[in-house]
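**Student:** Okay, here's the prediction I keep looking at, along with the sequence it came from:
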Amino acid sequence: MKGIKTTAEIANATAIDLGPLAELKDYVLELGPGVKIPGKVFGGSAVKAGGADFSYQVFAPGTEGGFYHVHKDHEELYFFLSGTGEYQVDGVNIPVKEGSVVRVAPAGKRAVRNTGDLPLVMLCVQYKAAKPGSVNPSDGSILNEPVKW
């Protein structure tokens, strides 16, 4: 089984390396006795994220996520990085491909499948649901100091 490598850890940042996307298939997420998900890896705790989590998952051609699921408090954003497939939410099939993004509210029943001939690679970002527009894009501050590489 493949593992996550920490590449930097400083006071205000942690960096990891999950390896090439083509090697995602080598990860196995164990959710409990007899429940193993091939090609899936979570990284939020590895980077010490406090308010969110993320996972990468790859689906071989003709495979699917295998089960519907919902969340209690977490909304999810699914970013499709390669391949083609369908993302089902509440019984509605949404076509997805490289560049597609799907947001699912906590109560949305969700599942995914690969309908193409190539691996379907997905990045999922999970965070506590909030009212749309509650995140302020202008939260950042531009500093008056040069970057020294």
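**Tutor:** Perfect, I can see it now.

**Student:** so where's this protein shaky on pLDDT?
**Tutor:** Confidence mapping of the chain against pLDDT under 70 gives the ranges 1.

**Student:** give me every residue that touches the most centrally placed residue in the chain.
**Tutor:** Centroid-nearest residue in the chain, with CA atoms, centre = their mean: Cys124, separated by 1.9 Å. Contact analysis of Cys124 by CB atoms under 8 Å, 6 or more residues apart in numbering lists Phe54, Ser55, Tyr56, Gln57, Glu76, Leu77, Tyr78, Phe79. C-beta coordinates here come from the backbone N, C-alpha and C atoms, glycine included.

**Student:** ditto for Gly85
**Tutor:** Counted by CB under 8 Å, 6+ apart, Gly85 has contacts Phe59, Pro95, Val96, Lys97, Val112, Arg113, Asn114, Thr115, Gly116, Leu120.

**Student:** and the closest residue to Lys97 other than its chain neighbours, how many residues sit next to it?
**Tutor:** Among residues not flanking Lys97 along the chain, Thr84 sits closest, at 4.6 Å (CB to CB, 6 or more residues apart in numbering). For Thr84, the neighbour count with other CB atoms under 10 Å is 17.

**Student:** Isn't Thr84 up against Pro119?
**Tutor:** No. If you go by CB atoms under 8 Å, Thr84 and Pro119 don't touch, sitting 10.3 Å apart.

**Student:** Strands of the protein, start to end?
**Tutor:** Here the chain has its strands, by DSSP state E, at 5-10, 13-17, 28-32, 35-38, 40-42, 52-59, 74-82, 84-89, 92-97, 101-104, 110-114, 120-128.

**Student:** Cool, thanks, talk later.
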